[in-house]
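could you look at this predicted model? Sequence included:
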Amino acid sequence: MQIVSASKLLADIHHQLDSIVLGKTSVTRLAVTCLLAQGHLLIEDAPGLGKSTLALALAKSFGLEYNKLPCTNDLLPSDLLGLSVWDTHSQSMRYTPGPVFTQLLLADELNRAPSKTQSALLEAMEERQVSVDGESRALPTPFFVIATQNPMDQVGVSPLPESQLDRFMMRLTLGFPSQEAELALLRGGDRRTNALTLTPVVSAETLVKLQAVIEHIHVAEPVLLYVQQLLASSRVGATRPLSPRAGLAVLRASRASALQSGRDHVLPDDVQAVWAAVVSHRLGAGHDSLAKGLQLAQALLVGVAAP
C-alpha cells in the first residue's frame with residue numbers, strides 16, 4: 001500500500017471519529033496512532049467522558065470484531081480467557097473461548113480486577129496468545145486492547161503494577177469537553193448510539209496492511225539520536241528512568257504519526273507529538289501519577305534540543 005493512499009484512508013477515519021468523539025481530535029489521533037503501531041492503549045478518566053464510545057467508534061471504523069469486558073473485583077482469569085467444559089454429546093472436554101478472542105477488546109475499569117486476571121490479560125497483550133489447560137491458543141490478528149482505568153481517588157480501585165503499565169504503549173485522558181463540544185453533544189444526543197450505526201471505513205485486513213506500511217517509514221540518524229538523548233536525559237537522577245522498550249515504542253508511534261501526515265519519514269515533530277502519551281505512565285508513579293508523568297515528560301522535551 002502506498003503512503004498517499006494510506007494517509008487518505010486514515011483521513012477518512014479521523015473524520016468519522018471526530019463526528020462521534022467531539023472536540024477531542026488530538027486524543028483520537030493518538031488512539032489511531034497506537035492502533036497502527038500495534039501497541040495497546042490505557043485510558044485513565046472519570047466515568048461518563050466517552051472512553052467506551054471511543055473504543056466502539058474505533059472498532060466500527062476499522063471493521064474490527066469488538067468485545068467489552070466489565071472488570072469487577074471477582075473477575076476470574078477464566079472469565080477473560082474462556083474454559084473447558086464437559087460435552088455430553090462428544091463425551092469429551094470442549095473449550096469455550098472467552099471475550100479476549102476478539103480483535104479489539106475493551107477491558108473496562110481494569111484496575112478493579114484481581115491481580116491474577118490482570119496478569120492473564122498481560123500475557124495476552126504481550127504474547128498475543130493465551131495459555132488454557134496447558135495449551136497455547138493464538139489470538140486473532142489484529143489484536144488491540146483498550147483498557148480503561150478510574151482515577152485513584154475512587155473507591156474500590158488499586159493501581160496497576162508497573163510491569164503491566166509498561167505493556168501499554170500509550171496512556172491517554174479524554175478530559176471534560178469544551179463548551180462548544182458539550183453543547184453539540186447535548187444537541188445531538190447519545191454519541192454511543194450514533195457510534196453503533198457507523199460503517200467501516202476500512203476492513204481488518206486493510207488495517208493489517210496499514211500496520212505493515214509503518215515498517216517502511218524511515219527514521220534518520222539525527223532523529224534516532226534525538227530519541228536516545230531524551231531517554232538518557234530521563235535517567236539523570238530519576239526514580240523511574242525510561243527503558244529501551246520505551247524508546248522503541250516512541251519510534252513505532254512516531255512512524256505511525258508520520259504515516260497519518262502522509263510522509264515516508266519521521267520528523268522531530270512526530271516524536272514530540274507522541275512523546276507524552278508514550279512515556280508519561282512510565283515516568284509518573286503514585287496517587288497523582290497522571291499529572292506527574294505528563295509534567296516530567298514535558299520537562300524532558302524542554303531540556304533536550306530537537307535536531
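Sure thing, it's come through. Since the model is a prediction, treat every value here as computed from it, not as a measurement.

from now on I want contacts and neighbour counts done on CA atoms only, so please keep to that.
Noted.

low-confidence ranges, this structure, go.
91, 152-158, 238, 285-288 (pLDDT under 70).

for it, which residue is closest to the average position?
The C-alpha lying nearest the average C-alpha coordinate of the chain belongs to Leu41 (Cα atoms, centre = their mean; 1.7 Å).

check which helix or strand the residue nearest to that one when sequence neighbours are not counted maps to.
Spatial nearest neighbour of Leu41, excluding adjacent residues (Cα to Cα, 6 or more residues apart in numbering): Ile146 at 4.8 Å. Using DSSP states H and E, the element containing Ile146 is strand 144-149.

show me where the stretch 151-300 of the chain has strands.
Ranges of strands within the stretch 151-300 of the chain are 170-172, based on DSSP state E, counting those that start in this stretch.

follow-up on the earlier one: so which elements touch the strand holding Ile146?
Judged by 3 or more Cα pairs under 8 Å, 6 or more residues apart in numbering; DSSP states H and E, strand 144-149 is in contact with strand 41-44, strand 104-108.

re earlier: who's in contact with the residue nearest to the centre of the chain?
Contacts for Leu41 (Cα atoms under 8 Å, 6 or more residues apart in numbering) come out as 31, 34, 144-147, 168-172.

residues touching Ile13, list them.
61-62, 201.

how much space separates it from Leu186?
For Ile13, the distance to Leu186 equals 23 Å [Cα to Cα, to the nearest Å].

what do you get for Pro200?
In terms of Cα to Cα, Pro200 sits 25 Å off from Leu186.

between those two, which one's more packed in?
Taking neighbours as other Cα atoms under 10 Å, Pro200 and Leu186 compare with Pro200 leading, 17 against 10.

wait, what's in contact with the more buried one?
By Cα under 8 Å, 6+ apart, the neighbours of Pro200 are 60-63.

looking at the residues you listed, which is nearest Val27?
Each of the contacts of Pro200 was checked against Val27 using Cα to Cα; the closest is Ser61, at 15.7 Å.

pretty sure that closest one is touching Thr199, no?
Yes. Under the contact definition of Cα atoms under 8 Å, Ser61 touches Thr199, with a separation of 6.4 Å.

between these two, which has more neighbouring residues?
The neighbour comparison of Ser61 against Thr199 (other Cα under 10 Å) goes to Ser61, with 22 against 14.

once you drop chain neighbours, what's closest to the more buried one?
The shortest distance from Ser61 to any non-neighbouring residue, by Cα to Cα, 6+ apart, is to Pro200 (4.4 Å).

for stretch 112-127, which positions count as buried?
By 16 or more other Cα atoms under 10 Å, the buried positions in stretch 112-127 come out as 112-115, 117-118, 120-122, 124-125.

what number of residues lie near Pro268?
17.

pretty sure it is touching Ala306, no?
Yes. With contact defined as Cα under 8 Å, Pro268 and Ala306 form a contacting pair (6.4 Å).

quick check: neighbours shared by the two?
Jointly contacting Pro268 and Ala306 under the rule Cα under 8 Å, 6+ apart are Tyr226.

show me where the stretch 101-250 of the chain has its helices.
115-127, 162-165, 179-188, 191-196, 204-214, 221-234, 244-260 (DSSP state H, counting those that start in this stretch).

any idea how far the fifth one is from the chain center?
When you say that, I think you mean helix 204-214. 16 Å (Cα atoms, centre = their mean, to the nearest Å).

ok, the first one next?
Here the centre of mass of C-alpha atoms in helix 115-127, compared against the chain's by Cα atoms, centre = their mean, lies 15 Å away.

and Val271, what does it touch?
Val271 touches 227, 250-251, 253-254, counting by Cα under 8 Å, 6+ apart.

rerun that using 10 Å as the cut-off
Going by Cα atoms under 10 Å, 6 or more residues apart in numbering, Val271 touches 223-224, 226-227, 250-255, 257-258, 278, 301, 306.
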